[in-house]
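Colleague: Next input, structure requested:
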Amino acid sequence: MQSARDLLQSPEFRRIVRRRWTIALLLTAALFVAYYGYVLLIALRPELLARRIGAVTTLGIPLGVGVIVVAWTLTAVYVLWANRRYDPEVERLKSGLES
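Modeller: A predicted model of the protein is given here:
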């Protein structure tokens, strides 16, 4: 058994924290690229988004929906990663703590 102080200073704990931050930053960057890319398209190429792809639908509508779907997908990726990798590692480390 180890103390909480020892756990917080352990290489295993630091590795888990570093991995969580890496995953979070990568997914955040991907979301920013999708969202701000769409916003930049609106600002810089409005004629592209105004192009009709149906009787009443413009290209901007499915691209906007795509940004929302990307956000949901990135959230699902994080949840799956956390449930399968992060949470079990945290539980394993917590089980080694002394009460």
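Colleague: For the residue positioned nearest the centre of the chain, what are phi and psi?
Modeller: Central residue of the chain (Cα atoms, centre = their mean): Leu27, 3.1 Å from the mean position. The phi/psi pair for Leu27 (degrees, to the nearest 10) reads phi -70, psi -40.
Colleague: so what's it closest to, chain neighbours aside?
Modeller: Ranked by Cβ to Cβ, 6 or more residues apart in numbering and with sequence neighbours excluded, the top spatial neighbour of Leu27 is Leu74, at 4.9 Å. No exception for glycine: its C-beta is placed from N, CA and C like everyone else's.
Colleague: coming back round to it: contact partners for the residue nearest to the centre of the chain?
Modeller: 74, 77-78 (Cβ atoms under 8 Å, 6 or more residues apart in numbering).
Colleague: now Ala30: how far from Leu59?
Modeller: Separation of Ala30 from Leu59 (Cβ to Cβ, to the nearest Å): 22 Å.
Colleague: Could you list the low-pLDDT ranges of this structure?
Modeller: 1, 98-99 (pLDDT under 70).
Colleague: can you give me the helices in it?
Modeller: 4-9, 11-44, 46-49, 60-81, 87-95 (DSSP state H).
Colleague: quick one: buried residues of the longest one?
Modeller: Taking 16 or more other Cβ atoms under 10 Å as the basis for neighbour counts, the residues of helix 11-44 that come out buried are 16, 20, 23, 27, 31, 34, 38, 41.
Colleague: Contact partners for the nearest residue to Tyr38 once chain neighbours are set aside?
Modeller: Nearest non-adjacent residue to Tyr38, counting by Cβ to Cβ, 6+ apart: Val67, 4.9 Å away. Contact analysis of Val67 by Cβ under 8 Å, 6+ apart lists 34-35, 38.
Colleague: Considering those residues, which is situated nearest to Glu89?
Modeller: Using Cβ to Cβ, Ala34 is the member of the contacts of Val67 that lies nearest Glu89, at 28.7 Å.
Colleague: Tell me how far the closest one lies from Arg15.
Modeller: With Cβ to Cβ as the criterion, Ala34 and Arg15 are 29 Å apart.
Colleague: what does Ala76 give?
Modeller: For Ala76, the distance to Arg15 - Cβ to Cβ - is 24 Å.
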